[in-house]
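Asks: how would this look folded up:
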Amino acid sequence: MNKKVIIIGGGIAGLSAGVYAQKCGFEATILESHNIAGGNCTSWKRKGYLFEGGMHWLGGSNKNEAINKLWRYVGAINDDVKISYSEPFVEYNHKGTPVHLYRDVNLTERHLLELSPSDAKEIKRFCNNIRKVQNLSMPVSDLKGVKVTRRTHPPLSLLFSAISATWLMRRYAKITKEDYASRFSDENISGLIRALPGGEQSISMLFLTLGSLARCDGGFPEGGSLPFVQRIVGTFTGLGGKIHYNTRAERVVVENGKATGVMVGDKHFPADAVIVTSDTMAIEKLFDTLPKCSWLEKMHQTTKPTMVTLVSLGINTDLKKYPERPLIALKEPVRLANETYNALLIINYAKDPVYSPEGKTAMNVQLPGDTYDFWKKAKEEKRYEEEKQKIGAKVIEAIAGQMPEIAGKVEVCDVATPLTYERYCGNWKGSWMTVISADLKIETYPAVIHGLQGVYFAGQRMMPPGGLPPALMSGRKAVQYLCRDTNTLFISEE
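Replies: Okay, the predicted model is just below:
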């Protein structure tokens with residue numbers, strides 16, 4: 001039918017929309033401002049090391065997950081892609097007593113009971129809460145009114161799991177991580193819960209994460225972000241789709257309430273429809289005037305950004321003896337702007353030869369928290385590089401207190417701030433995801449704005465808290481809206 005679709009943004013949502021659009025018979029073109037695709041799903045090389053900047057585990061890696069079909073449909077994973085599942089998932093070390101969180105919730109329960117028999121009641125409740133959401137996988141369904149080759153329905157078993165889990169999520173929705181940690185008398189267990197990433201998010205989000213791990217999901221695809229993205233790019237271009245790199249969309253052309261294309265400088269890319277996958281929190285700059293939209297207003301009022309300063313290290317020593325995810329308690333806290341870190345979560349890539357030369361180790365450390373204004377001011381005052389060096393040195397010193405082998409062996413220290421992600425990925429305030437705080441309900445947003453014809457919206461912001469699976473699903477959803485509006489058959493996953 002040769003209907004042209006312009007997709008703004010070549011992240012996971014844009015690539016997903018591109019693949020689905022091509023398979024449904026549209027001519028899709030992606031405009032990507034960076035010189036590579038992937039958006040937040042990205043990595044970079046420094047002096048022989050590869051630093052992972054986006055993917056830390058993958059929801060939908062397990063073949064039994066409904067979303068696994070979607071990843072396979074777009075070509076991100078296949079039977080030849082090795083998926084690793086580290087165990088234990090996290091090891092917390094406090095005063096020489098390691099505490100483990102295993103993917104296997106039964107192992108976690110036995111381990112914690114051995115550590116603190118006096119906390120038996122709360123430990124069993126903790127593990128039973130994980131079991132209650134263990135089968136609550138992300139559902140995949142079709143937009144009402146769209147014609148599909150094969151209708152997708154969440155299984156009945158998922159409905160029962162959702163009913164069982166709803167009570168649990170409501171009960172814990174307003175309980176913070178700090179409040180929950182105080183329920184345990186053992187300082188090692190309470191310290192682990194306090195040290196886990198999550199900031200102000202509800203403790204229910206921790207249960208959801210551990211529940212997905214308990215059903216053997218959340219693996220790590222071989223090679224991480226770069227090959228993962230390139231496989232999707234290969235699917236898209238193999239279907240005839242086109243990608244223009246280093247091409248920043250400046251304005252969606254709207255005539256008489258309908259999109260007719262996209263402007264890049266003085267060049268006009270004509271289109272019958274436009275799918276905007278750049279951060280929805282910053283889309284106003286793409287339009288001369290946006291119609292009033294209640295869901296967009298609500299998004300602006302409620303969205304709290306999840307930001308991270310990522311410290312990546314290239315170390316000239318082999319650290320395979322250490323866990324893949326050590327969570328180390330610090331004798332002296334690390335401070336960055338208004339954030340204080342009493343523990344550091346490290347991702348240790350020593351066992352993966354993709355990330356470092358033989359005998360060496362790549363690792364990264366996430367420092368979560370809203371530090372955007374701090375980094376922006378440092379940039380304006382021309383002390384940005386100096387501040388990056390300072391925090392890098394603090395992190396190295398802190399890690400060396402637990403891993404003395406790294407002292408004097410750090411060859412590369414690379415610091416990516418929220419400004420880095422803002423610059424290369426176009427994210428609002430450089431944020432990775434959206435915070436689901438104790439007072440915020442989880443909800444999804446529609447892909448259209450009433451009164452703006454031929455424009456569709458996708459991206460991880462559309463399905464808080466975001467991440468790779470919501471980005472993938474939002475691209476699919478946008479194309480289903482497009483198919484419904486143009487009376488086009490949607491080609492479903494097999």
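Asks: residue ranges for the helices of the stretch 51-200 of the chain, please.
Replies: Taking DSSP state H, counting those that start in this stretch to define them, one finds helices in the stretch 51-200 of the chain at 66-74, 105-115, 120-132, 156-172, 177-181, 187-195.
Asks: and the longest one with helix 66-74, angle?
Replies: I take that to be helix 156-172. 120 degrees (axes from the mean of the first three to the mean of the last three C-alpha atoms, to 10 degrees).
Asks: show me where pLDDT drops low in the protein?
Replies: Along the chain, segments meeting pLDDT under 70 span 1-2, 160, 199-200, 437-442.
Asks: most residues in a single helix of it, which one?
Replies: Of all segments of type helix in the chain, defined using DSSP state H, the longest is helix 468-486.
Asks: And that one, what's buried?
Replies: By neighbour count on 16 or more other C-beta atoms under 10 Å, the buried set for helix 468-486 is 468-484, 486. No exception for glycine: its C-beta is placed from N, CA and C like everyone else's.
Asks: again, but for stretch 39-52
Replies: G39, N40, C41, T42, S43, W44, Y49, L50, F51, E52.
Asks: What separates the first and last residues of that stretch, distance-wise?
Replies: 13 Å (C-alpha to C-alpha, to the nearest Å).
Asks: what's in contact with that stretch?
Replies: Stretch 39-52 has contacts (C-beta atoms under 8 Å, 6 or more residues apart in numbering) with 9-14, 36, 53-55, 224-226, 228-229, 312, 314, 347, 349, 354-357, 360, 362, 364, 411-412, 414, 421, 424-427, 432, 460, 468, 471.
Asks: Just to be sure, which of those residues are found in helices?
Replies: Those of those lying in helices (DSSP H): I12, A13, G14, S225, L226, F228, V229, Y421, Y424, C425, L468, A471.
Asks: Counting neighbours, which of those residues comes out on top?
Replies: For the ones in helices among the contacts of stretch 39-52, the largest number of neighbours (other C-beta atoms under 10 Å) sits with I12, at 35 neighbours.
Asks: Can you give me the neighbour number for the nearest residue to V19 once chain neighbours are set aside?
Replies: Among residues not flanking V19 along the chain, V74 sits closest, at 4.5 Å (C-beta to C-beta, 6 or more residues apart in numbering). V74 has 24 neighbours, counted by other C-beta under 10 Å.
Asks: So which bits of stretch 266-278 are buried?
Replies: Buried-residue list, stretch 266-278, by 16+ other C-beta under 10 Å: F269, A271, D272, A273, V274, I275, V276, T277, S278.
Asks: okay if I get the helices of the stretch 51-200 of the chain as TSV plus distance to G25?
Replies: Output for the helices of the stretch 51-200 of the chain, formatted as TSV (distance: least, C-beta to C-beta, whole Å):
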stretch	distance to G25
helix 66-74	16
helix 105-115	45
helix 120-132	43
helix 156-172	31
helix 177-181	48
helix 187-195	50
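Asks: before we move on, the earlier item: the residue nearest to V19 and A337, how far apart?
Replies: For V74, the distance to A337 equals 38 Å [C-beta to C-beta, to the nearest Å].
Asks: ok so, going back, which members of the buried residues of stretch 266-278 are the farthest-apart pair?
Replies: D272 and S278 (19.7 Å; C-beta to C-beta).
Asks: ok and the longest helix of the chain relative to helix 66-74, angle-wise?
Replies: Using the same axes, to 10 degrees: helix 468-486 against helix 66-74 is 70 degrees.
Asks: Can you spell out which helices and strands pack onto helix 468-486?
Replies: Applying 3 or more C-beta pairs under 8 Å, 6 or more residues apart in numbering; DSSP states H and E, we find helix 468-486 packed against helix 12-23, helix 66-74, strand 273-276, strand 455-457.
Asks: mind listing what the last one pairs with, with the direction of each?
Replies: It stands for strand 455-457. According to DSSP bridges, strand 455-457 forms sheet pairs with strand 273-276 (parallel).
Asks: Give me the contact list for the strand it pairs with.
Replies: 3-9, 14, 17, 21, 26, 252, 259, 261-262, 283, 286, 454-459, 475, 478-479, 482, 486.
Asks: same thing with stretch 280-298?
Replies: 8, 249-252, 254, 276, 278, 299-300, 303, 305, 426, 428, 445-446, 449-452, 457, 459, 461-462.
Asks: Quick check on these: which are buried?
Replies: 8, 249, 252, 254, 276, 278, 299, 303, 305, 426, 428, 445, 449, 452, 457, 459, 461-462.
Asks: for the closest residue to H244 other than its chain neighbours, what are its contacts?
Replies: Closest residue to H244 apart from its sequence neighbours, by C-beta to C-beta, 6+ apart: L31 at 5.4 Å. L31 is in contact with I6, I7, I8, G9, G10, H244, T247, R248, A249, V262, V264, F269, counting by C-beta under 8 Å, 6+ apart.
Asks: Correct me if wrong, but the second one is in a strand.
Replies: Yes - counting by DSSP: H, G, I helix; E, B strand; the rest coil, I7 is located in a strand.
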